[in-house]
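>>> have a look at this prediction, sequence included:
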Amino acid sequence: MDKIAQLEDDLMDIEMLLQDSLNEATAKFTDEIKRLNSDLKAKTMDYIKEVMNEFDIYSTNLRNAALNEQEAFEKQIENMENISQDSEFNAKLEVVGEREPLIAWLE
């Protein structure tokens, strides 16, 4: 009976150690997942900020280029006595002729 009681105590000690080990491993795993999620959030926010910055630069450059093109085209029209029947010229004229929606979009 003493050996059975000792065995029972030993098994109880082993079970307690196992339970502690499982709790510790679960806590470490949970902490690691929280850290990974936090890193992922930070990297995602950095990426979104970078994309927004690139978009702002692109849209500003596009707006400036469009306004410069419009200005150059208007000067070309002012300096021309005979308006060309060139298809490229006519396409530009059509876009510039509808410049109000273009300017609204660029702003």
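Sure, I can see it. Numbers count the residues shown, from 1 in each chain.
>>> host element of the residue nearest to the spatial centre of the chain?
In the chain, the residue lying closest to the centroid (CA atoms, centre = their mean) is Ile48, at 2.9 Å. Secondary structure assignment for Ile48, by DSSP states H and E: helix 2-79.
>>> which elements pack onto that helix?
For helix 2-79, the elements it packs on are helix 87-97, helix 99-106, judged by 3 or more CB pairs under 8 Å, 6 or more residues apart in numbering; DSSP states H and E. Quick note: C-beta positions are derived from backbone N, CA and C, even for glycine.
>>> number of residues surrounding Ala66?
16 (other CB atoms under 10 Å).
>>> for Leu67, that is, sorry about that
Residues near Leu67, counting by other CB under 10 Å: 14.
>>> start at 53, not 1
Shifting the count to begin at 53 puts that one at Leu119.
>>> any low-confidence regions in this protein?
132-142, 144-145, 147-159 (pLDDT under 70).
>>> residue farthest from the centroid of it?
Met53 (69.5 Å).
>>> that one and Ile66: what is the separation?
Distance of Met53 to Ile66, given as CB to CB, to the nearest Å: 20 Å.
>>> got it, and Ala143?
Distance from Ala143 to Ile66, by CB to CB: 84 Å.
>>> buried residues, stretch 99-117. List them.
Neighbour-count burial for stretch 99-117 flags no residue at all (criterion: 16 or more other CB atoms under 10 Å).
>>> can you give the distance of stretch 100-117 from its chain's centre?
Mean-position distance between stretch 100-117 and its chain equals 13 Å (CA atoms, centre = their mean, to the nearest Å).
>>> check contacts around the residue nearest to the centre of the chain.
Going by CB atoms under 8 Å, 6 or more residues apart in numbering, Ile100 touches no other residue.
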